[in-house]
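Enquirer: quick check, what structure comes out for this input:
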Amino acid sequence: MLTAVLAVGVASFSQHAAADQGPSAAQTKQSFDATAKREIVEGVVKLMTEDYVFPEVGHRAAIVLTENLAAGSYDAIMDPGAFAHRLTEDLNTVKHDKHLRVRSDEQRPAQQARLAKPKRSEAGFTRVDLLAGNIGYLDLNGFVGKGMFKPVADKAMRLLAGTDALIIDLRGNGGGNPAAVSYFVSFFVDPKAPVHVNDLLRRKPGTGEYRRDVFQTEATPSSYLAKPVVIVTGPNTFSGGEEFAYDMQSLKLATLVGEITGGGANPGGLRRLPAGLSIFVPTGRPENPYTHTNWEGRGVEPEVGTAADQAFAKAYETARKAAGKTPLLASAPSSPDGPDAVMERSLMTPRSTAQAGSEAAIRRSVAEFQAGAPRYDLLSPGLAELTRTQLPQIQAEVVAAGSLQGVTFVEVGLQGEDVYDLKFSKAEWLWSVLLDEDGKVVMADFHRK
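Expert: Next comes the predicted model:
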């Protein structure tokens, strides 16, 4: 499947970068020769030396790859996927960074097929429930951009405001936007006294200097101050999901229950390489203002460790006890394995209809891309920055598709994005879009059917 992706996030939850209309898998294999491997290694070396968050590590990695190439270590590798795997292994001999990896486009369908199907969500919120004993339950599988995250978080926390304790399930949370993480922490602190949540140090490309982004809590429309909060974690809690758990633990705002998290802290972006390969390059690192470190390579360790199949039951027991509740009634499950066993009612489910303005945003975007003149003021800052760098590739893709003849809403995607079927005179595409509360586009993705 040919893809061109415009979406980007600042952490691993929705990380994408420019992708031109690449060759098919068969064409890639035919052209995967010594020249292609050399160009790939040169691309990785450039990115590691100029952009990787730790310059000295990037230089060491560049030396390893360059020496391996010169020594013929890669000569016998004839498959792009195998080459991507070998490069990742070689990079990990220098620095075992959970985000740093090379992959092949042709590996994606097989990798996705092996993964459990994600839960459908709205801006990361898969469900918000009231459990027996007036315990709130919130399942959050990611942190999308703050513009889209904020209104859904506001609604969810308003619905949960009257509960006596809250369980936040992060076992499927793959990460996301640090500004959204910081905003979510805001619900659990005094709105009159902003709290320093986290810092993100981003390397200035080609230098040894860093830009420090400081994240603080801010006012929220409702508060969950001074109530018991229990966070459920597991090995699939990653990146931005880990940051929320780490922040709440450092600020002593929650009790963590479950298993140690995945251990990936350093955010970055996915960059294209020749011959259908790409690399995720971490360009920043978190620095907690209280611990002066982060969870990279170690994960976040819960105060109450328990196996995955017992994590919810333990979290529910912990929340009830912290809220001063009596033990479960004899008629209720003594050890519920999930929220359904003790749910009284659902408070919020993901939306199933298109956002107002999403179709108009797609039609406008198509016209602007074909003209080579996007309205950057109608894009989020991150998406605007990416679009500027990708515009020649995007324009070529959209122009080649021909005139737009029809736009049909298909569904709400897994993260709350609206998916449309676009019929052009020369092609048919699926185009996804996500708008923030101001109507700006915070995510856009298209691929040919």
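Enquirer: only C-alpha atoms from now on, for both contacts and neighbour counts.
Expert: Noted.
Enquirer: with residue 421 as the reference, measure out to residue 405.
Expert: For residue 405, the distance to residue 421 (Cα to Cα, to the nearest Å) stands at 11 Å.
Enquirer: more crowded one of these two?
Expert: residue 421 (19 against 11; other Cα atoms under 10 Å).
Enquirer: which of the residues in stretch 291-298 are buried?
Expert: Residues of stretch 291-298 classed as buried: 294, 295, 296 (neighbour count, 16 or more other Cα atoms under 10 Å).
Enquirer: pLDDT score for the last one?
Expert: Spelled out, it's residue 296. pLDDT for residue 296: 93.
Enquirer: got it, and residue 438?
Expert: Looking at residue 438, its pLDDT reads 84.
Enquirer: now residue 150
Expert: 92.
Enquirer: and the helix or strand it falls within, what does it pack against?
Expert: In the assignment (DSSP states H and E), residue 150 maps to helix 146-160. Helix 146-160 is packed against strand 125-131, helix 178-185, with contacts defined by 3 or more Cα pairs under 8 Å, 6 or more residues apart in numbering; DSSP states H and E.
Enquirer: can I get these in TSV with distance to residue 443?
Expert: As requested, the helices and strands packed on helix 146-160 are arranged in TSV below (distance: least, Cα to Cα, whole Å):
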stretch	distance to residue 443
strand 125-131	17
helix 178-185	15
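Enquirer: can you tell me how far the residue nearest to residue 187 when sequence neighbours are not counted is from residue 256?
Expert: Closest residue to residue 187 apart from its sequence neighbours, by Cα to Cα, 6 or more residues apart in numbering: residue 223 at 4.9 Å. Relative to residue 256, residue 223 is positioned 20 Å away (Cα to Cα).
Enquirer: which one of those two has more residues nearby?
Expert: Neighbour count, other Cα under 10 Å: between residue 223 and residue 256, residue 256 has more, with 26 against 19.
Enquirer: look at that one and report its pLDDT.
Expert: Residue 256 is given a pLDDT of 98.
Enquirer: what's the answer for residue 390, then?
Expert: Residue 390 is assigned 83 on the pLDDT scale.
Enquirer: could you do residue 228 as well?
Expert: Looking at residue 228, its pLDDT is 98.
Enquirer: please enumerate the helices of this protein.
Expert: 25-30, 34-50, 55-70, 80-94, 108-114, 146-160, 178-185, 240-250, 311-322, 358-371, 381-401 (DSSP state H).
Enquirer: what helices and strands are in contact with the fourth one?
Expert: The one in question is helix 80-94. Contacts defined by 3+ Cα pairs under 8 Å, 6+ apart place helix 80-94 against helix 55-70, strand 101-104.
Enquirer: residue 241 and residue 254, how far apart?
Expert: Distance of residue 241 to residue 254, computed by Cα to Cα: 14 Å.
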